[in-house]
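Peer 1: Turn this into a model:
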Amino acid sequence: MLRGFLMLAAFFGFTGVGLGAFAAHGLKNRLTPEYLAIFHTGVTYQLVHTLAMLGVALLATQIPGRLITWAGASFAIGILLFSGSLYLLTITGVSKLGIITPFGGLAFLIGWLFLGLAAWRLA
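Peer 2: Numbers count the residues shown, from 1 in each chain. This is a model prediction of the structure:
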């Protein structure tokens, strides 16, 4: 689990920085300011939850259990659904992709809930 979450964190961190640079330089003149802001939101949430996954990977070595695993998996699913849908929405212009975004947000919330429950059980 440690290796898997570390690999995912590295991948999401790498792609988050790359996508942020791509938006700032490659999409700056191609997207409306509104769509550029939406893309930026996807990058921000991706990078924040990449750090959360890194924390989960490190916690997994100290606090074994399903709650930590589920937290990391939820963060990964959240990145794919939330950020991924925002990237696709802005690049394709297909606004119906926004239907997917709340499911990613829900996955983020569930990940934080699992992390909180794991902390609660430490007592």
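
Peer 1: Just want the most central residue of the chain.
Peer 2: Geometric centre of the chain, nearest residue: Ile79, 2.7 Å, by Cα atoms, centre = their mean.

Peer 1: quick one: that residue and Val48 touch, right?
Peer 2: No: contact criterion Cβ atoms under 8 Å: Ile79 and Val48 do not qualify, at 9.6 Å. Just so you know, the C-beta spots here come from the backbone N, C-alpha and C atoms, and that holds for glycine as well.

Peer 1: these two touch, right, Gly98 and Phe82?
Peer 2: No: using Cβ under 8 Å, Gly98 makes no contact with Phe82, being 10.7 Å away.

Peer 1: So these two - more neighbours on which side?
Peer 2: Phe82 (24 against 13; other Cβ atoms under 10 Å).

Peer 1: give me phi/psi at Leu122?
Peer 2: Dihedral pair for Leu122: phi -70, psi -20, per degrees, to the nearest 10.

Peer 1: Tell me how many other residues surround it.
Peer 2: If you count neighbours by other Cβ under 10 Å, Leu122 ends up with 7.

Peer 1: Just read off the phi/psi values of the residue nearest to it when sequence neighbours are not counted.
Peer 2: Among residues not flanking Leu122 along the chain, Ile63 sits closest, at 7.0 Å (Cβ to Cβ, 6 or more residues apart in numbering). Backbone torsions of Ile63, given as degrees, to the nearest 10, read phi -130, psi 80.

Peer 1: What of Leu31?
Peer 2: phi -110, psi 150.

Peer 1: tally of neighbours for it?
Peer 2: Look at Leu31: counted by other Cβ under 10 Å, it has 17 neighbours.

Peer 1: right, and it touches Thr90 too?
Peer 2: Yes: the pair Leu31 / Thr90 is scored as a contact, 5.9 Å apart, by Cβ under 8 Å.
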